[in-house]
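>>> have a look; sequence and predicted model below, questions after that.
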Amino acid sequence: MSREKVVVGLSGGVDSAAAAYLLQKQGYEVTGVTMCVLGEENRAVQESMISDAKTVAEALGIRYETVDFTDVFRKEVEDYFAEEYLRGRTPNPCLMCNRYVKWEAVLGFAKSVGASWMATGHYARIERLANGRYAVRNSVTAGKDQTYVLARLTQEQLAHTLMPVGAYTKEQVRALAKEAGIPVAEKKDSQEICFIPDHDHAAFIARRRPEAMCSEGNFVTPEGVVLGKHRGLVHYTVGQRKGLGIALGERMFVKCLRPETNEVVLVPDDAVYGADFACTDINFMGMTPMQAGERHRLTGRIRYGHSGAPAMVTMLENNCLHAEFEQPVRAVTPGQAAVFYDGEYLACSGIIAG
């Protein structure tokens with residue numbers, strides 16, 4: 001009797017390695033695959049990922065392949081990232097990569113080798129709810145929960161995805177990797193955006209869009225009073241204090257960016273908070289799609305590091321919704337994802353407008 005096949009996206013890290021090991025123990029026929037998405041400027045990063053992933057596959061005795069998605073990654077992630085910054089917004093490229101590149105690449109490869117499933121090393125769980133919809137559920141460990149970056153996945157993608165490490169803590173995952181003899185068991189987690197390993201977003205955008213690189217402009221108050229000069233909009237994001245390069249006698253923070261006038265608005269800390277905003281491009285997950293005027297009380301997160309807060313969401317026309325938090329939240333940032341939960345389950349998400 002043949003075993004059920006699963007393709008695991010191997011990044012060269014301990015989490016995806018542990019996912020492959022757990023599925024192997026459960027009786028699946030496991031194939032590891034690494035997406036090649038980084039261009040020549042990041043060849044060393046890509047080669048390091050492939051080298052570590054091959055080591056994992058060899059340790060587990062599983063088949064291993066690479067797939068080239070450089071072109072689609074450049075369009076859906078890198079170009080999107082640069083364009084959003086040039087519009088005065090702050091994107092989260094990982095969410096777009098997961099939906100439009102990673103899942104497309106690995107699921108496509110899975111189908112080509114006759115596999116019914118793909119799997120990743122994300123700290124999250126997938127369940128089918130009573131309403132028949134698939135939803136991402138919080139990891140068992142709040143400190144490592146990664147549900148936020150999975151908020152744009154579709155029902156079709158979730159229906160064919162396994163996330164075995166969502167039932168474990170990070171410490172347990174490292175112990176499993178050691179048990180399996182996997183060399184990357186103690187490898188540190190990556191903290192940077194993979195295509196900007198030096199963290200210099202502005203330099204990346206200058207290389208990618210030199211003709212559209214923002215010029216110097218004015219720091220202003222909300223009323224338009226000029227406070228000084230800024231270096232270009234791509235150097236700033238909502239809520240930022242460090243690196244402003246201006247001394248005003250009190251701590252000032254970025255309230256918003258005005259690309260139409262090339263201005264950065266500065267305010268004291270208490271003015272960075274806001275309670276309500278609109279979201280576009282709504283992706284319904286565990287929640288049945290809402291009708292215009294329909295309202296629900298959910299828990300909202302406005303960035304990856306936000307722990308969440310109670311909010312009322314109201315569906316609008318044109319696949320938009322309005323979110324109103326019970327208490328003001330700090331630095332609502334256009335371009336970031338707003339992710340809404342019903343208990344432990346991801347209900348829906350959208351992109352903060354502005």
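Nice, thanks for sending it over. Numbers count the residues shown, from 1 in each chain.

>>> double-check that Glu58 belongs to a strand.
No: using DSSP: H, G, I helix; E, B strand; the rest coil, the assignment for Glu58 is helix, not a strand.

>>> do you know how far the nearest residue to it once chain neighbours are set aside is from Val113?
Of all residues not flanking Glu58 in the chain, Tyr64 sits nearest, at 7.8 Å (Cβ to Cβ, 6 or more residues apart in numbering). From N, CA and C alone the C-beta is placed, and that goes for glycine too. Using Cβ to Cβ, to the nearest Å, one gets 12 Å for the distance from Tyr64 to Val113.

>>> report the strands that pair with the helix or strand encompassing the residue nearest to Glu58, each with its relative direction.
Using DSSP states H and E, Tyr64 maps to strand 63-68. Applying DSSP bridges to the sheet, strand 63-68 is found paired with strand 29-36 (parallel).

>>> what's the mean pLDDT across the strand it pairs with?
For strand 29-36, mean pLDDT rounds to 95.

>>> return it as PDB; C-alpha atoms alone will do.
Once non-C-alpha atoms are left out, strand 29-36 reads as follows in PDB (Å, rounded to 0.1, in the frame of the first residue of the first chain):
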ATOM      1  CA  GLU A  29       6.100   9.900   2.100                       C
ATOM      2  CA  VAL A  30       8.000  13.300   2.500                       C
ATOM      3  CA  THR A  31       9.700  15.300  -0.200                       C
ATOM      4  CA  GLY A  32      11.500  18.500   0.800                       C
ATOM      5  CA  VAL A  33      11.500  21.500  -1.600                       C
ATOM      6  CA  THR A  34      13.200  24.900  -1.400                       C
ATOM      7  CA  MET A  35      12.000  27.900  -3.300                       C
ATOM      8  CA  CYS A  36      14.700  29.700  -5.200                       C
END
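
>>> show me which of Tyr64 and Val113 is the more surrounded one.
Set Tyr64 next to Val113 and count neighbours by other Cβ atoms under 10 Å: Tyr64 wins out with 20 against 13.

>>> about what we covered before: next one: the residue nearest to Glu58 relative to Gly32, how far apart?
Distance, Tyr64 to Gly32, using Cβ to Cβ: 5 Å.

>>> between those two, which contacts overlap?
Common contact partners of Tyr64 and Gly32 (Cβ atoms under 8 Å, 6 or more residues apart in numbering): 10, 53, 57.

>>> same list (the residues you listed) but as JSON lines, adding pLDDT and distance to Arg297.
Compiled in JSON lines, the shared contacts of Tyr64 and Gly32 are given as follows (pLDDT from 0 to 100; distance: Cβ to Cβ, whole Å):
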{"residue": "Leu10", "pLDDT": "95", "distance to Arg297": "40"}
{"residue": "Ala53", "pLDDT": "95", "distance to Arg297": "43"}
{"residue": "Ala57", "pLDDT": "96", "distance to Arg297": "46"}
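
>>> from those, which is closest to Gln146?
Comparing the shared contacts of Tyr64 and Gly32 against Gln146 with Cβ to Cβ places Leu10 closest, at 16.6 Å.

>>> and that closest one, what does it touch?
Residues near Leu10 by Cβ under 8 Å, 6+ apart: 16-17, 20, 32-34, 53, 56-57, 64.

>>> how about the strands in the stretch 201-350 of the chain?
Under the criterion DSSP state E, counting those that start in this stretch, the stretch 201-350 of the chain contains strands at 217-220, 226-230, 253-258, 263-267, 273-284, 295-301, 309-315, 321-330, 337-342, 345-352.

>>> now for the helix or strand of the chain with the lowest mean pLDDT, which elements pack on it?
Sorted by mean pLDDT, DSSP states H and E, the helices and strands of the chain end with helix 201-208, the least confident at a mean of 86. Here helix 201-208 touches helix 80-86, going by 3 or more Cβ pairs under 8 Å, 6 or more residues apart in numbering; DSSP states H and E.

>>> state the mean pLDDT of the helix it packs on.
In this model, helix 80-86 carries a mean pLDDT of 92.

>>> now find how far off-centre that helix is within its chain.
15 Å (Cα atoms, centre = their mean, to the nearest Å).

>>> CA atoms of it as CSV?
Output of helix 80-86 as CSV, limited to C-alpha atoms (Å, rounded to 0.1, in the frame of the first residue of the first chain):
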residue,chain,number,x,y,z
TYR,A,80,5.1,45.3,-4.4
PHE,A,81,7.4,46.2,-1.4
ALA,A,82,9.1,49.1,-3.3
GLU,A,83,5.9,50.5,-4.8
GLU,A,84,4.1,50.5,-1.4
TYR,A,85,7.0,52.5,0.2
LEU,A,86,6.9,55.0,-2.7
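
>>> I'd like the next helix or strand past that helix.
Counting by DSSP H and E, what follows helix 80-86 is helix 93-97.

>>> how about that next one as PDB, C-alpha atoms only?
C-alpha atoms of helix 93-97 as PDB (Å, rounded to 0.1, in the frame of the first residue of the first chain):
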ATOM      1  CA  PRO A  93       6.000  41.400   2.300                       C
ATOM      2  CA  CYS A  94       5.800  38.100   4.200                       C
ATOM      3  CA  LEU A  95       2.000  38.000   3.900                       C
ATOM      4  CA  MET A  96       2.100  38.500   0.200                       C
ATOM      5  CA  CYS A  97       4.900  36.000  -0.300                       C
END
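
>>> if I look at the residue lying closest to Phe69 once chain neighbours are set aside, how far off is Thr120?
Leaving aside its chain neighbours, Phe69 sits nearest to Ala105 (4.7 Å; criterion: Cβ to Cβ, 6+ apart). Separation of Ala105 from Thr120 (Cβ to Cβ) stands at 12 Å.
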